[in-house]
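In: Just to be clear, the model below is a prediction. Sequence and coordinates:
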Amino acid sequence: MAMAMPALVVTLLLLGYPLVYSFWVSLHEQTLGSRAPARWVGFGNYTAVLGDPVFLPSLTRTVLFAAAVVLGTLLLGTVFALALNQEFRGRSVVRGVLILPWSLSQITLALTFGWIFNSTFGPLNGALQQAGVIDKYVAWFASGRVALTVMAVAFVWSLVPFATLLILGALQTVPEDLHKAARIDGAGPVRRFFFVTLPWIRDTVLVVSVLALINAFLAFALIYILTGGGPGTETTLLSWWGYTTAFRDLDLGKGAAIFYLMTLAMVLLAALTALVIRGPRRNREGRTA
Amino acid sequence: MIAAGGHGRTARRIAVRALRAGTVLALLAWVLLPFYFLLLVALTSRADSLRTPPRWIPAMDFGSFRKILDSAFSSAPPSNPSDLIVPGMQNSAVVAVCVAALNIVIASTAGYAFARFRFPGSRTVPGLMLGSQLVPVFALVVPFYVMLHSLGLTDTRAGVVIAHLGFTVPFSVWMMRAYFNGIPVEVDRAAMIDGCTRWQVFARVVLPLARPGIISVGLFSFMVSWNDFLFALVLNSRTDAMLIQPAISGLYNVREQSFGIMAAGTLLAALPTMLLALVSQRFLVRGLTSGVGKV
């Protein structure tokens, strides 16, 4: 169909081709900026990635970081959505404000949290000291573990409002009858949440998880601004490792191999999620997400 | 449980209400405090920003904003990272508007085709386009760098526009298709009976009805383009073609540290997308949720 052509051409040329090309690059030894032709190395770059001492620790870090971001986002998003799911004065204003963090770029996020957690002049240290929680200013980015926690907090901060909006939207489709029936059966608020509400909003929760997961998996600007992957390689996540391999060490082939492995992981995760979402939906009638 | 007496129930209701009010306040603080800290230091003089503990009430010193905006009117070549903010915003505005306009044209035509016609791939391609959202943009950076470099398009705004189309168009097509699906086919049929050609049906009848979709596609692609850092950083490193995100990233690790300018620049750079998001919250949330909800 002619009308779909421009979109198909753009997609094939600017998404399909780069993906294939990137795979081609990952099978070659190629130095950024050098005139020498790329040399075929087969899966050499992939074995180099998997055998690299940086690989396992940064994979573990990426997974832990992503898990923390997903859990934090879901937990806070659900609590806030439950609170917003009732009529009260000013609710629309609160909902309006929620879009703000989502509209920020990753760089803005990094600069904001870099300032808040600044070790000498940042407001957080100032407030904690004035409150008597700490007696000496904390250097938040001096230890990899603390720095990663700060980054996870920043990520959760930026994701929670949008998660709240999505979960709130789903909460508003939960039929009141189900809650009434459960109440008559003697279920308290906690049990009603876990056995009525949660199953009903399950798909949205999964979608929110995947969105948070993708975002966390691709964390880059925060590392670029705040730690540069250090101290040492303590805050080197896979995305940062791929970027520095390709554009600092100029090893395009190995960089592409890292990115390709990440792509594969994402696609697998997404396929898995789609399966989980699709599976039981067939049994449920009259439900629009 | 036996029903509690009247007093118990009232007490419980008050407790629930207090809990909810507390949660809503916590939510507001959670969202707004970081912005407040940024605004605080942006409106503080350079000397004051180095105080410990910090000031908690803004001093209303607009020096940082003035310094950034002043550089826009001087003809001298940029000498500080802060001189790159206004040109960066101009470059990004051009890029993001082009990306948004192209997305609207490409996605509305394709979305219509996918919503109304059956042709090979008309069912599977939209699903693949949604799936493409899961491709990490990182996988595209290396090939785009090589492709645009060989075409001589690195360090140009056109190069970034091309790169941004690659990861915005597929999702835009998906969103537009969802909007057209929501418009009954009978509308098309009625217009055809009245003598419209296919193109007339599309341009004069269906497209105006899909205006909310067009707005969300435009907003979405503008914001993605404006906020992109990775491609802007890798593809445009020369100062005269620099986009806003790399421009503000340069404010962070400057030796002559000025936190006020960093905060003011950050706020200026965030202003367009924040305003767009606030004004068009309804469109954005509906557009994005219709995109992610219907897997």
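Out: That came through, no problem. Numbering: from 1, shown residues only, chains lettered A, B, ... in the order given.

In: what's the nearest residue to the residue most central in space within chain B if we skip its chain neighbours?
Out: Centroid check for chain B by CA atoms, centre = their mean gives B:Met223 as the closest residue, at 2.1 Å. Distances taken as CB to CB, 6 or more residues apart in numbering or on different chains place B:Thr273 nearest to B:Met223, at 5.0 Å, with adjacent residues excluded. C-beta here means a position set from N, CA and C on the backbone, and glycine is covered the same way.

In: dump the residue contacts of the one you found.
Out: By CB atoms under 8 Å, 6 or more residues apart in numbering or on different chains, B:Thr273 lies in contact with A:Ser103, A:Leu104, A:Ser105, B:Phe222, B:Met223, B:Trp226, B:Asn227.

In: I figured B:Leu27 hits A:Phe80, correct?
Out: Yes: between B:Leu27 and A:Phe80 there is a contact at 4.7 Å, judged by CB atoms under 8 Å.

In: Give me the common contacts of those two.
Out: Jointly contacting B:Leu27 and A:Phe80 under the rule CB under 8 Å, 6+ apart are A:Thr164.

In: Neighbour count for those two, which is higher?
Out: Set B:Leu27 next to A:Phe80 and count neighbours by other CB atoms under 10 Å in any protein chain shown: A:Phe80 wins out with 26 against 22.

In: still on that earlier bit, so which other helices or strands are in contact with the helix or strand encompassing the residue nearest to the centre of chain B?
Out: Element membership of B:Met223 [criterion: DSSP states H and E] is helix B:211-227. Where contact means 3 or more CB pairs under 8 Å, 6 or more residues apart in numbering or on different chains; DSSP states H and E, helix B:211-227 is packed against helix B:85-116, helix B:157-181, helix B:259-279, helix B:281-293.

In: May I see these arranged in JSON lines, with mean pLDDT as well?
Out: Shown next, in JSON lines, are those (pLDDT from 0 to 100):
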{"stretch": "helix B:85-116", "mean pLDDT": "95"}
{"stretch": "helix B:157-181", "mean pLDDT": "93"}
{"stretch": "helix B:259-279", "mean pLDDT": "93"}
{"stretch": "helix B:281-293", "mean pLDDT": "63"}
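
In: ranking the ones you listed by burial, who's on top?
Out: Compared across those, helix B:157-181 shows the largest average neighbour count, a mean of 25 (mean count of other CB atoms under 10 Å in any protein chain shown).

In: So which elements touch that one?
Out: Using 3+ CB pairs under 8 Å, 6+ apart, helix B:157-181 sits against helix A:5-11, helix B:85-116, helix B:124-131, helix B:138-150, helix B:211-227, helix B:230-235, helix B:281-293.

In: Those: which one's closest to A:Thr233?
Out: Smallest distance to A:Thr233 across the helices and strands packed on helix B:157-181 (CB to CB): 17.9 Å, for helix B:138-150.

In: between the closest one and helix B:157-181, how many degrees?
Out: Computed by axes from the mean of the first three to the mean of the last three CA atoms, to 10 degrees, the angle separating helix B:138-150 from helix B:157-181 equals 130 degrees.

In: contacting residues around helix B:138-150?
Out: Contact with helix B:138-150 is made by A:15, A:17-19, A:21-22, A:25, A:32, A:218, A:220, A:239, A:242-243, A:246, A:252, A:255-256, A:259-260, A:262-263, B:154, B:159, B:162-163, B:166-167, B:230-231, B:234-235, as judged by CB under 8 Å, 6+ apart.

In: how about that helix as PDB, C-alpha atoms only?
Out: Coordinates of each C-alpha in helix B:138-150 appear next as PDB, following Å, rounded to 0.1, in the frame of the first residue of the first chain:
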ATOM      1  CA  PHE B 138      22.700   1.900  21.800                       C
ATOM      2  CA  ALA B 139      22.500  -0.800  19.100                       C
ATOM      3  CA  LEU B 140      22.000   2.000  16.600                       C
ATOM      4  CA  VAL B 141      24.700   4.400  17.600                       C
ATOM      5  CA  VAL B 142      27.700   2.700  16.000                       C
ATOM      6  CA  PRO B 143      26.000   2.100  12.600                       C
ATOM      7  CA  PHE B 144      24.500   5.600  12.600                       C
ATOM      8  CA  TYR B 145      27.900   7.100  13.300                       C
ATOM      9  CA  VAL B 146      29.500   5.200  10.500                       C
ATOM     10  CA  MET B 147      26.700   5.800   8.000                       C
ATOM     11  CA  LEU B 148      26.400   9.500   8.700                       C
ATOM     12  CA  HIS B 149      30.100   9.900   8.700                       C
ATOM     13  CA  SER B 150      30.500   8.400   5.300                       C
END
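
In: Next, the buried residues of that helix.
Out: Buried residues in helix B:138-150, defined by neighbour count with 16 or more other CB atoms under 10 Å in any protein chain shown: B:Phe138, B:Ala139, B:Leu140, B:Val141, B:Val142, B:Pro143, B:Phe144, B:Tyr145, B:Val146, B:Met147, B:Leu148.

In: Many thanks, we can stop here.
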